[in-house]
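**Q** compute the structure for the input listed below.
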Amino acid sequence: MIKRVLCFENPARLSLKLAQMVVELRDVTRTLPIEDIGVVILDHKQITITHALIDALLANNVAIVTSNDKHLPVGLMLPLDGNTLQSERFRSQIDASEPLKKQMWQQTVTVKILGQAHVLGTQLIEHNNMLKWAKDVRSGDTDNMEARAAAFYWRNMFEKDAFIRDPQGLPPNNLLNYGYSVIRAMMARALVGAGLLPTFGIHHHSRYDAYCLADDIMEPYRPFVDMKVLEMWQNGGVTSDISSEQKRELFGITTMDVNISGHRSPMMLAIQATAQSVQKCFSGEARKIIYPDW
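**A** Below you'll find the model as predicted:
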């Protein structure tokens, strides 16, 4: 089932009644089934949310995201018990060997580079070197093909503009940041649902990052955000402030169809399939992560 992504940008009171989220917004009150919700984004300082609603959202594996003064997601709340076999799956994840994690990272980088090559191809930009680099990725990406590909990719993606990919940089960096945050929340939610700890990654290992595994496994999904942001950029109107309409466009990424496992599937379901395959790799049931087929 495709879950809804809800973003609240105005003063509101959010509460719970009969397994429904109650939204009180000015003089309007609406209700939404908790089971239909996947992500809730709180993007206004005058939003109040009851503890009962938070409890119900987390019990249904809903990711709760909070935004800062610049309207960019900065906080993420997830359930602590997302799967009935969680203890067993935690153990298999923690005990995973270094060779296994390096092989999983090799697969991840390969698919990410193929995705970036696809984005360049949609712009009729030569990218045969990217296809070669994808084939040359070795276990653990010891030759750092990811960085080599990224340097070429960002230098050519916005070909007519002097663009530098910097999270703190000028637009459209802000749109990329926002889109990646939405995908990150969806991936973290799916990993928790698969009974995994999003903290322990296969490559990312910053002591300050609570979602290293989510940051690892979302990498092949970044090009979907890039394509959408490139389209928005080419259509004009991109500024330092992200409009409500632009946010809605970025939320729409989670329902766009992607090719995965030989068929087309909404990205939200594809992300869940990816998370389940990661769990199977950790448990020894599989050797390949299911990623989008570019």
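**Q** what about the helices in this structure?
**A** Taking DSSP state H, the helices of the chain run over residues 51-59, 86-94, 98-122, 128-136, 145-157, 173-193, 212-217, 222-234, 244-251, 267-283.
**Q** for V28, find the nearest of those helices.
**A** helix 244-251 (16.4 Å; Cβ to Cβ). Placement of C-beta: from N, CA and C, glycine included.
**Q** just the angle for that closest one relative to helix 173-193, thanks.
**A** Relative orientation of helix 244-251 and helix 173-193, computed by axes from the mean of the first three to the mean of the last three Cα atoms, to 10 degrees: 40 degrees.
**Q** dump the helices of the chain to a markdown table, plus mean pLDDT and mean neighbour count.
**A** Shown next, in a markdown table, are the helices of the chain (pLDDT from 0 to 100; neighbours: other Cβ atoms under 10 Å):
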| stretch | mean pLDDT | mean neighbour count |
| --- | --- | --- |
| helix 51-59 | 96 | 16 |
| helix 86-94 | 88 | 15 |
| helix 98-122 | 98 | 20 |
| helix 128-136 | 98 | 15 |
| helix 145-157 | 95 | 17 |
| helix 173-193 | 93 | 23 |
| helix 212-217 | 96 | 24 |
| helix 222-234 | 95 | 19 |
| helix 244-251 | 92 | 17 |
| helix 267-283 | 96 | 22 |
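**Q** quick one, which of those helices gets closest to M77.
**A** helix 51-59 (7.0 Å).
**Q** in a markdown table, list the helices of the chain along with distance to V74.
**A** Below are the helices of the chain laid out as a markdown table (distance: least, Cβ to Cβ, whole Å):
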| stretch | distance to V74 |
| --- | --- |
| helix 51-59 | 17 |
| helix 86-94 | 26 |
| helix 98-122 | 24 |
| helix 128-136 | 32 |
| helix 145-157 | 24 |
| helix 173-193 | 9 |
| helix 212-217 | 15 |
| helix 222-234 | 18 |
| helix 244-251 | 15 |
| helix 267-283 | 21 |
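**Q** among those helices, which comes closest to M21?
**A** helix 51-59 (6.3 Å).
**Q** so which elements touch the closest one?
**A** strand 12-17, strand 20-25, strand 63-67 (3 or more Cβ pairs under 8 Å, 6 or more residues apart in numbering; DSSP states H and E).
**Q** please identify the deepest-packed of those strands.
**A** Across the helices and strands packed on helix 51-59, averaging neighbours per residue (mean count of other Cβ atoms under 10 Å) puts strand 63-67 on top, at a mean of 21.
**Q** quick one, that strand and helix 173-193 angle?
**A** Put simply, strand 63-67 runs at 150 degrees to helix 173-193, going by the same axes, to 10 degrees.
**Q** alpha carbons of strand 63-67, as CSV, please.
**A** Extracted in CSV, the C-alpha atoms of strand 63-67 (Å, rounded to 0.1, in the frame of the first residue of the first chain):
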residue,chain,number,x,y,z
ALA,A,63,8.3,8.7,10.2
ILE,A,64,7.9,12.1,11.9
VAL,A,65,10.1,14.8,10.4
THR,A,66,10.7,18.3,11.9
SER,A,67,12.0,21.3,9.9
